[in-house]
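Asks: Below are the sequence and a predicted model for it; my questions follow.
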Amino acid sequence: MNELTICLLVFLLLGFFQDFLHIGDIMLKLLTEIYLYYIKVIKTHFK
């Protein structure tokens, strides 16, 4: 692996992440909601 190949891979990854950034945002919000919901459930069950 030379430096040019690594640079190309980094650019490809950045492009990939930018394409899925808004999807990742939605997924993060969903995961946060689920996480908070489970915390509520656990707190109510283990008092």
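Replies: In hand now; what should we look at? Residues are numbered from 1 along each chain as shown.
Asks: C-alpha from now on. contacts and neighbour counts both.
Replies: Noted.
Asks: now the longest helix along the chain: mean pLDDT?
Replies: If you go by DSSP state H, the chain has its longest helix at helix 21-45. In this model, helix 21-45 has a mean pLDDT of 87.
Asks: other SSEs contacting that helix?
Replies: With contacts defined as 3 or more Cα pairs under 8 Å, 6 or more residues apart in numbering; DSSP states H and E, helix 21-45 has no helix or strand neighbours.
Asks: Check which residues of it are buried.
Replies: For helix 21-45, a neighbour-count test (16 or more other Cα atoms under 10 Å) marks nothing as buried.
Asks: Run the chain-centre distance for that helix.
Replies: 12 Å (Cα atoms, centre = their mean, to the nearest Å).
Asks: again, but for stretch 2-18
Replies: Stretch 2-18 sits 19 Å away from the centroid of its parent chain (Cα atoms, centre = their mean).
Asks: Ok, stretch 30-47 next?
Replies: Its chain's C-alpha centre and that of stretch 30-47 lie 19 Å apart, by Cα atoms, centre = their mean.
Asks: ok so, going back, what sits up against the longest helix of the chain?
Replies: Applying Cα atoms under 8 Å, 6 or more residues apart in numbering, helix 21-45 turns out to have no external contacts.
Asks: Let's see that with 10 Å instead.
Replies: 15, 17, 18, 20 (Cα atoms under 10 Å, 6 or more residues apart in numbering).
Asks: Now render the residues you listed as a markdown table, adding secondary structure.
Replies: Compiled in a markdown table, these are given as follows (DSSP: H, G, I helix; E, B strand; the rest coil):
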| residue | secondary structure |
| --- | --- |
| 15 | helix |
| 17 | helix |
| 18 | helix |
| 20 | coil |
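Asks: Now render these as TSV, adding neighbour count.
Replies: As requested, the contacts of helix 21-45 are exported to TSV (neighbours: other Cα atoms under 10 Å):
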residue	neighbour count
15	12
17	13
18	12
20	12
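Asks: Distance to residue 45 for these - can I get that in TSV?
Replies: Below are the contacts of helix 21-45 laid out as TSV (distance: Cα to Cα, whole Å):
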residue	distance to residue 45
15	44
17	39
18	40
20	37
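Asks: Alright, that wraps it up for me.
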